[in-house]
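Asker: Sequence and predicted structure below; questions after.
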Amino acid sequence: MRVYDKIKNTSRPLLAVLIDPDKAEISYLEILSDLLNKNYGDIVMVGGSITFRSVDFVLEYLKKKISQPIILYPGSPLQVSFKADALLFLSLISGRNPEYLIGHHISVAKQIKDSGIEVIPTGYMLIEGGKISAVEYISNTKPIPSDNIQIATATAIAGELLGMKLIYLEAGSGSKYSVPIEMIRQVKRHIDIPLIVGGGIKNEKILLDVARAGANIIVVGTAIENNVFALANFSEVLKQEYNV
């Protein structure tokens, strides 16, 4: 089954683990793989705004260890790899920097198409999370204010109408706050494609709030980096909520 079909046809929110290659030491990956093999977590995403280490190392290691789909989450063309199961072709539709809307995409478009990797066009929306995020700094774009649900909803609708297959609401890695619940709810109500939500999901309560608001994929990164065993808690809470 293609990764997008798994996302689109799921009957419950999926838990995705975001791995920053620069922070992925072997000891961390070993424990994380063991947890994933115990069915804690549904999807693995690899990438970040800027990385000093090649993503290939993490992708190669995980492909040998786990059965969950691995999605590349590239912050730049330099992070593109064809060792993942799928690639989020991210367009930063909340910003006005042409390089992150279409520019970087052109530089790797032919290689990506020729590779045969599953490509998932994704409307990426940066939402104010209480501090300047790496995405904001690197992309030189402003986030959508957290209290402006109307702009967020209209932007998500525009992304869908442009042909995006996913909408990704992102508060930023290590953000103080998660994407507002009412914003998630309204965006989900107005689009007919799957919704990803990430950033600032620090505990099980926030996780459940985001799930109940309508997120199809919930991305957790920093909380797992700080305590890899938190993955089991997050996963169990979702399973109990949806009787898995």
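Answerer: Good, I have the coordinates.
Asker: Which strand or helix spans the spatially most central residue of the chain?
Answerer: In the chain, the C-alpha closest to the average C-alpha coordinate belongs to residue 219, at a distance of 5.3 Å (Cα atoms, centre = their mean). With elements delineated by DSSP states H and E, residue 219 resides in strand 217-220, which encompasses its position.
Asker: Figure out how far that strand is from the centre of its chain.
Answerer: Once both centres are worked out by Cα atoms, centre = their mean, to the nearest Å, strand 217-220 turns out to sit 6 Å from its chain's centre.
Asker: Dump the C-alpha coordinates for it into PDB.
Answerer: These are the backbone C-alpha positions of strand 217-220, laid out as PDB (Å, rounded to 0.1, in the frame of the first residue of the first chain):
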ATOM      1  CA  ILE A 217      -1.300  12.700  11.700                       C
ATOM      2  CA  ILE A 218       0.100  14.000  14.900                       C
ATOM      3  CA  VAL A 219       3.900  14.600  14.800                       C
ATOM      4  CA  VAL A 220       6.000  14.400  17.900                       C
END
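Asker: in its sheet, what does that strand sit against?
Answerer: Sheet neighbours of strand 217-220, with direction, are listed as strand 14-19 (parallel), strand 195-198 (parallel) (DSSP bridges).
Asker: Let me see the confidence value for the residue nearest to the centre of the chain.
Answerer: Reported pLDDT at residue 219 in the predicted model: 98.
Asker: Excluding sequence neighbours, find me the nearest residue to it.
Answerer: If you skip the residues right next to it in sequence, residue 219 has residue 198 as its closest partner in space, 3.2 Å away by Cβ to Cβ, 6 or more residues apart in numbering. Using the backbone N, CA and C atoms, a C-beta is placed for each residue, glycine as well.
Asker: So in this structure, where's the weakest helix or strand by average pLDDT?
Answerer: helix 134-139 (a mean of 92; mean pLDDT, DSSP states H and E).
Asker: what about the residue lying closest to residue 42 once chain neighbours are set aside, how many neighbours?
Answerer: Spatial nearest neighbour of residue 42, chain neighbours left out: residue 14 (4.1 Å); criterion: Cβ to Cβ, 6+ apart. Using other Cβ atoms under 10 Å as the criterion, residue 14 is surrounded by 21 other residues.
Asker: Could you report the separation of residue 14 from residue 234?
Answerer: When distance is defined by Cβ to Cβ, to the nearest Å, residue 14 is 12 Å away from residue 234.
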